[in-house]
Structures are given as C-alpha cells and as structure tokens.
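Student: What follows is a predicted protein model with its sequence.
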Number of protein chains: 2
Amino acid sequence: MNKKDIFHFDYLLLKSGKKLENIDIAYETYGQLNADKSNAILLEHAFSGNAHASKLNENDEPGWWDNMIGENKAFDTNKYFIICSNILGGCGGSTGPASINPKTGKEYALAFPVITVEDIVAAQKKLIDFLGISKLLSVVGGSMGGMQVLQWMISYPDSILSAVPISTAMKHSPQQIAFNEVGRQAIMSDSDWNNGNYYQKNEPKTGLALARMIGHITYMSDKSMEAKFSRKLKDKEYAFNVGTNPEFEVEGYLRYKGSSFVKRFDANSYLYITKAMDYFDVSGKNFTIKSKNKNLKSLVIAFKSDWLYPPYQTENIARHLKLQGYDATYCEIKSSYGHDSFLLETEDETKLIKGFLKSVEKGALK
Amino acid sequence: MNKKDIFHFDYLLLKSGKKLENIDIAYETYGQLNADKSNAILLEHAFSGNAHASKLNENDEPGWWDNMIGENKAFDTNKYFIICSNILGGCGGSTGPASINPKTGKEYALAFPVITVEDIVAAQKKLIDFLGISKLLSVVGGSMGGMQVLQWMISYPDSILSAVPISTAMKHSPQQIAFNEVGRQAIMSDSDWNNGNYYQKNEPKTGLALARMIGHITYMSDKSMEAKFSRKLKDKEYAFNVGTNPEFEVEGYLRYKGSSFVKRFDANSYLYITKAMDYFDVSGKNFTIKSKNKNLKSLVIAFKSDWLYPPYQTENIARHLKLQGYDATYCEIKSSYGHDSFLLETEDETKLIKGFLKSVEKGALK
C-alpha cells in the first residue's frame, strides 16, 4: 500500500527557457488509490523537506508530517491516497544540482538550470498524470509547500478540487528575500563551496550549517525561544569566552541544528530552492485562476506568531480568491511556535483540514 | 567648545576578575560645561556606533545622532554639555581587541579580556569623574546604549539625575542572543579570522560583512523594507542565476552595507561587544536601584515596529522602575522603521526628550 518510488520522465521546458532532461521525481504514497482515482491528495513539502512526509511502518524514519498522516488523522489513509514528492532541484531523490548531468557524466553543480515554483509544479503534474489521476481531491502544503499549492491553482485549476495553502505568501517580500540572501551568502562565502564544485571534495559544511542556523531563528518565535531556552547556560556560570564555545543553550541548539542539517542537505540545492522561493510572485494579475469551474474550494491557514510568513500575507490569498468568486475560508490559528507552527500545531490543523476535506469530498468520493 | 579627545587611565578591574591596564577612552563633547557642572548629558552609543554622535562643523563626517544634537535640538548645545564616548572593547578610539597589548607590544586580539556592560559603564564613570562632573543631568541611549543607561541607574544611581533608555531590554532574550551568535559564527567561520589573529594579515572581511548583513535585516522592519525595496530588481528581468550576483535591490543594498561596514569596524570588536550584550541581564533582582534618593526620573521610549527589541521588553523597564517607587514615563512611538527607528524617528523623540529634560532641569540647572 505505502510505497516509495521514483518517477522518471524525459525532459521539462523550464520557465527560464532552458530544457532539463532525464528527470527523476522521488515520491511516496500512503493509503490506497480508489477505483475511480478520486481520493488522491497531494502534499507539498516545505523548503528543507522531502517526499518522506510520514513513516510507513514502525522501523521507518520519522516523516515531516507524521501527526497529520495515517488512520483517522487529518489525511486519513483509510479514505485517501496521499502523495508526496520531492521537489525538482531538491536533494531527496529528485533531480537537482547534485544529480549526474547526462551530458558530462558529472554532477550538475551550477550547470543545473535555475528552476521556479512553476517548474516544480509542472514536474509534479507529470507525476500525477503518470499515476492516472485526472483530478486531485486536494493539494496541501505549508511555507514553500503553500507556494506550490498556489501554483497548482494557477497552472492546473481544472486538475484540483480543492487547495489548502498554509503559512505562505503570494510573493516573497524583501525581508523574506533578505533572509534567503544571507543564507546563500553564508554558503557561497565558504571556500569549500568552490563555486558549486565540491561533490568529490569537501562540502561547504560550515557555510551550509550557518545558513541553517540563520533559518532556524526565523522558523521559531521570540516567545517559543523564550519558552524553550530562556537564558539557560550550558554551564553554571559565564565562561567569559568571546564566543568560540557555545555558552547559552540556544547557541548550542543552533549549532547542533546546523551541523545535523549538513548531513542531509545539499548546499547547491539550498541555493536553487531559496532562489525559486524568491522568484515566486503570483501577486496581483499573476493570481488569476483561469477556470470556468468556480467550485474550486480553498482553506487558507495562518499562525498568529509566524513572523517569517506573517498572517497578513496568507490572509491576502483568501481575499484574492474571494474577489475572483471562489469559496475560500481563512483561519488564523493561535500558536506561539512561529513559522514552525504549521509542522507542530497539528491538533487545530487536523480539525480544520478534516472538516474541510469532508465538505470537499461530498459527491466527489464514491 | 566642541572637542574630540582621549581620556587615559591606568587600569580597570573587570567583572570577569581580570585586570585591564593602560586604557584609552575616546570621547567627544558638544556645547559648554557650565560653572557648577550641572548641565552635562551623557549619550550612549549603540552596538556599531562610536563617540562621534554629531558633526562638529560643516566639514566633519555625519554623526550617528546629528538630528538630535545642536542648537535648539533635543540635546540643545546652547543649554547642555553633551558627552559621548566610545565604549571599552570598541574600535572607535577606545581600548579594544585591536589595541596594542602593553605586555606583548602586539594587538590584543583574543587576549583582550571579555568585557561586560558593567565594565563599559565603569570606564565611562572614570571619564565623568575626570571631567569633574559629580552628577549628570541625564544619561541617554538606544539599543545597547540603553543597556548602558540601565547600568548607570544600577551602578551609579546617585551620579545621575535622570535616565532615558530607548529601544532596549533588561536582558537579552534567546532570540537576541541567537542573532548575535549567527553574526559571531559568520566572523569565526571566515578562515581569515584566524582565531582573531589577523591584524597584520587579511581581515575577515567576508565574515564581518555577512554578520552585518544579518544584523541589518534585524534593524529594519518588514514594512520599512517593503517601502524601501519591494521586489524591485537591479535589472529589468530575472537573470536566472543562482545568487552569485545580486538581483533584487534588497540584495544589493545588504551587500553594500556589509562591504562598507568592514571598512570601519573591527571583527574582534564585533565578537566582544555582542558578547557583552548577550551577558547583559539586569532583570529581576538585578534591577535594584540602591539609592535613597527617589528623585531619579526616567523617560522610557520604544518604537512599535521594533521587532529586534520588541516594545514589551522596553515597557518592562518602566514597570520595574515604578514598582521601585521611581517616576518613570513609558512612551511607545508609532514608526515603521523597526529597530532603526531610534536613530531615524527623531521628530517625535525630540518632542519627548525636550519636554522631559525641561522637567528634569528645573532646580538643577542654574
């Protein structure tokens, strides 16, 4: 039932005008596709996520949305067929800068073409076509996953029955671009980055770890950091060193998060994916859903303490949908976890999404 | 009248237990000290500031608070004698890690002892004593300058008539520590940093510039960045490069700010000063003003859009002062400039501070 697989296709014409050939998309599925293929839900992972949204069995690694996927959970595997694929440009099994360039026999590195959220979703559409699904019951995702949800609404509105964009924005603001930029600079400043050519050499671990440390601060909130760390020290007293060793627990935590991230993530993918986010802009006229079917329903979710993707950005999505005559519900969940809330505050999310999917599946599920 | 000078003293016993010898404190003064030395106001600079708060004459470089200092301004040089000194550990003329260690004849580098805000203020007290001032009319400063103001209230409450802490906190929160930590990591990750020994070699320019870029994001606000940059591109269209060249104006701005900062700031001072901020904690019992004179008045100012030093932190100062029976007024100014507001929103600040100083000087100024 549950499956991990790789879907292969020949090429994709990219938004940049370039052609990417020989593409793999790694994906996982949970639950069973029904006879008329009407119970499929596509989950979109966030920036540093991957296709592994849920652990398939007890010995599997934790997935990024375990609390949401499974029997009787929000994405109930008794009813739905859940699909999650690693994004194009990523490093979780799909083709990205660390993949072998068929033209050279070596890793692409910076020869990998710049990709956009539109390209990422176009590759997903090929996967969905391959699975024989003509209409997804829903597309759901938070953060960069939410951008993909919006892109589905714009690129393939007639291929989805509903959409759940969470903690996301129609366009990256200059502050969001700026945080990505310092992450990229951290990587590119590491001499081991070597203009992207590090695959057979030392990886730019220090730079990538630093990028992740910066990111982590933005995923939490002032309040959640206070609750988790306060001013707790690793030792009893100030060491009066100038920062070579972590003294405060928050410093140790960030360093740990940075150093564990480099074990599972490719630095060049960091550059490509953050760039795709920064390029993303479906605001204004770009957010026009070209479908005659006005039944496309949306549930738009934001979290109060999220300052990286502030609720006003997410709320704006619901407003634009309503202005175009679509049924959109906006919910702002109280939470202190900051941007990470969409991964952590699963209890309220479950209630909202369960109810929403129930209303969507009426008449659609047989 | 206006003066730039260096005050020298022999040694200071530091909070860490170490003894720092042969100390210079660079300072500037504006206006004229009156006969009974009752019109002196000490201005405390923020993290990356220095003693140059105001330009003395038309050919001078801009100061960091030019709009606030001068004839008929908030700090009216017709009435007051304004003092601003570079902090201990800094790189604006006062003794810091780039200074020559008298014991070795070479720059201190990491042999410089870790200093605290308490040490910084203790050095200032020696300067004020040297100037023959027994009671300052006021001590005023924003951000790390505000921490020094709080430290004056605690260390030398009988040497000040009033205090104006702005956009500051009684203790650094884990989020504030975290942002300092990634800045320090950026510097220490630069191989040119060389464990602090770079003075006769290449300076860690890349790391220091990156630290400043990160800092700059935190000094602005989502709103002010949107107003200043929006999603404006340097060229007309997306370049589809992966971040090697700045594409968005905000990226170019941050890189410019980073590269210009390294020309005027010492990387080791960055480490020492951020550490002093992180160690700062006058919360709870530490914020006890040991004076029988309850006339010490305070004006506590915060700015609504400041998310690096959120207003709740600054407001907390006023509450603690009132709980101890002191006259404290808290004002929250509407502004969209984020933490930078205290340097930029000088019109409202001027009104508040002018009125406050007028009430303080009654009976004090002759």
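Tutor: Sure, I can see it.

Student: For the rest of this, base every contact and every neighbour count on C-alpha atoms.
Tutor: OK.

Student: distance of residue A:263 from residue A:256?
Tutor: In this view, residue A:263 and residue A:256 are 11 Å apart by Cα to Cα, to the nearest Å.

Student: Show the backbone phi and psi for residue A:300.
Tutor: Dihedral angles of residue A:300 (phi, psi; degrees, to the nearest 10) stand at phi -110, psi 120.

Student: Tell me how many other residues crowd it.
Tutor: Neighbourhood size, residue A:300 [other Cα atoms under 10 Å in any protein chain shown]: 27.

Student: for residue A:184, same thing?
Tutor: Residues near residue A:184, counting by other Cα under 10 Å: 25.

Student: before we move on, back to that, residue A:263 and residue A:256: who's more crowded?
Tutor: Just comparing residue A:263 and residue A:256: by other Cα under 10 Å the higher neighbour count belongs to residue A:256, 13 against 10.

Student: which SS class is that one?
Tutor: Assigned with DSSP: H, G, I helix; E, B strand; the rest coil, residue A:256 falls in the helix class.

Student: tell me the mean pLDDT for the helix or strand hosting residue A:186?
Tutor: Assigning secondary structure by DSSP states H and E places residue A:186 in helix A:174-189. Mean per-residue pLDDT for helix A:174-189: 98.

Student: chain center to it: distance?
Tutor: In terms of Cα atoms, centre = their mean, to the nearest Å, the gap separating the centre of helix A:174-189 from the centre of its chain is 18 Å.

Student: next one: stretch A:217-235
Tutor: Worked out by Cα atoms, centre = their mean, stretch A:217-235 lies 24 Å from the chain centre.

Student: List of residues touching that stretch?
Tutor: A:246-250, A:252, A:305-308, A:336-340, B:172-175, B:178-179 (Cα atoms under 8 Å, 6 or more residues apart in numbering or on different chains).

Student: Which positions within it qualify as buried?
Tutor: Neighbour counts using 16 or more other Cα atoms under 10 Å in any protein chain shown place A:217-225, A:229-231, A:233 of stretch A:217-235 among the buried residues.

Student: thinking again about what came up before, just the buried ones from the contacts of stretch A:217-235?
Tutor: Using 16+ other Cα under 10 Å as the burial test, these include A:246-250, A:252, A:305-308, A:336-340, B:172-175, B:178-179 as buried.

Student: all strands for the stretch 101-250 of chain A, in order.
Tutor: Assigned by DSSP state E, counting those that start in this stretch, the strands in the stretch 101-250 of chain A fall at A:106-107, A:138-142, A:162-166.

Student: Contacts for the shortest one, please.
Tutor: Outside strand A:106-107, the residues that touch it by Cα under 8 Å, 6+ apart are A:97, A:98, A:99, A:100, A:101, A:199.

Student: 6 Å instead?
Tutor: With contact meaning Cα atoms under 6 Å, 6 or more residues apart in numbering or on different chains, strand A:106-107 is reached by A:98, A:99, A:100, A:101.

Student: Quick check: residues of the stretch 201-350 of chain A near chain B?
Tutor: Applying Cα under 6 Å from any Cα of the partner chain, we find that the stretch 201-350 of chain A lies next to chain B at A:222, A:230, A:240, A:242, A:272.

Student: re the thing from before, can you tell me which of the strands of the stretch 101-250 of chain A is packed in deepest?
Tutor: strand A:162-166 (a mean of 27; mean count of other Cα atoms under 10 Å in any protein chain shown).

Student: Show the average pLDDT along that strand.
Tutor: Averaged over strand A:162-166, pLDDT sits at 98.

Student: Please list the outside residues in contact with it.
Tutor: Taking Cα under 6 Å, 6+ apart as the rule, strand A:162-166 contacts A:138-142, A:146, A:149, A:296-302.
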